[in-house]
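A.B. asks: The sequence isn't on hand, but the structure is:
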Ligand SMILES: NC(=O)c1ccc[n+]([C@@H]2O[C@H](COP(=O)([O-])OP(=O)(O)OC[C@H]3O[C@@H](n4cnc5c(N)ncnc54)[C@H](OP(=O)(O)O)[C@@H]3O)[C@@H](O)[C@H]2O)c1
């Protein structure tokens, strides 16, 4: 049996990833605040990734019949969009909790729980191009994704060097995808986000990818990890 643990399955890219895994016959554990998936092989775990005490309490189950185990840290938040100096302090904490701290803790727990299993194991973090170049007013979001890129690179390096049963680790930018996150970006005021028109144009020009198409591209990596030697990937260059 293949087991997937996917954060942020209630909508967008995470929901498309969960549905793709379910269509393969895998068992999927989804972790987010809300749930919109009903399937015999789907189990939802209600978890607010901004509440780190609750993330500490989560434990990955013991799996005795696994052929492959996959963790996808997909849940993410853009947080409060405004230049540094204008963000409410607590919004900065919340964003890093969701995008960086919770994802790092889940990776740490996953590697610890399954380190003795000789089965194939993989972690895929849904990163962002914004973690790799400057986007005005997105300081915490950019920094949170850059941190996950580096956390992934260190984990991947350690796995390759020291682990008998290594975990494949990737951090992948998904491109611009037609989800609620993009709707939220287009709804921002120009005073807070100077570049909002560019994102409205992406939508008007049909430049946004469908979550289902991005899930398929991410599955190219999940199903053939040995084909990819880099930890940091971008679906636009696969
Ligand atoms: N869409 C894009 O163009 C784009 C581009 C680059 C990177 N990304 C990245 O892709 C990933 C998925 O984004 P998306 O576009 O699919 O966004 P989305 O449609 O807004 O979905 C976000 C998901 O994250 C979950 N989430 C948010 N806050 C959470 C919390 N506090 N606790 C638990 N889960 C939480 C949401 O579930 P609940 O609300 O039910 O908790 C939801 O399922 C994110 O990491 C995002 O940064 C997206």
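C.D. replies: Here it is on my side, so go on. Keep in mind that what you see is a predicted model, and the values were worked out from it rather than measured. Numbers count the residues shown, from 1 in each chain.
A.B. asks: and the longest helix along the chain, which residues are buried?
C.D. replies: Ordering each helix of the chain by length in residues (DSSP state H) puts helix 139-162 first. For helix 139-162, the neighbour count (16 or more other Cβ atoms under 10 Å) marks 139-149, 151-152, 155-156, 159 as buried. (Each C-beta comes from the backbone N, C-alpha and C, glycine too.)
A.B. asks: Also stretch 76-85?
C.D. replies: 76, 77, 78, 79, 80, 81, 82.
A.B. asks: Indicate whether it makes contact with the ligand.
C.D. replies: Yes - Stretch 76-85 is in contact with the ligand by Cβ under 6 Å from any ligand atom, via 76, 77.
A.B. asks: repeat for stretch 188-195
C.D. replies: No - interface with the ligand: stretch 188-195 contributes nothing (Cβ under 6 Å from any ligand atom), its closest point being 13.8 Å away.
A.B. asks: and that stretch, what's its mean pLDDT?
C.D. replies: In this model, stretch 188-195 has a mean pLDDT of 96.
A.B. asks: Close to the ligand: what parts of this protein are there?
C.D. replies: Counting by Cβ under 6 Å from any ligand atom, the chain sits next to the ligand at 7-14, 32-34, 47-50, 74-77, 98, 126, 128, 174, 176-177, 179-182.
A.B. asks: Just the buried subset of these, please.
C.D. replies: The neighbour-count test (16+ other Cβ under 10 Å) marks 7-10, 12-14, 32, 47-50, 74-77, 98, 126, 128, 174, 176-177, 179, 181-182 as buried among these.
A.B. asks: coming back round to it: for the longest helix of the chain, packing partners?
C.D. replies: With contacts taken as 3 or more Cβ pairs under 8 Å, 6 or more residues apart in numbering; DSSP states H and E, helix 139-162 sits against helix 89-96, helix 102-114, strand 120-126, strand 167-173, strand 232-234.
A.B. asks: Adding distance to residue 189 and mean pLDDT, write these out as a markdown table.
C.D. replies: Converted to a markdown table, those look like this (distance: least, Cβ to Cβ, whole Å; pLDDT from 0 to 100):
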| stretch | distance to residue 189 | mean pLDDT |
| --- | --- | --- |
| helix 89-96 | 16 | 98 |
| helix 102-114 | 29 | 98 |
| strand 120-126 | 27 | 98 |
| strand 167-173 | 26 | 98 |
| strand 232-234 | 29 | 98 |
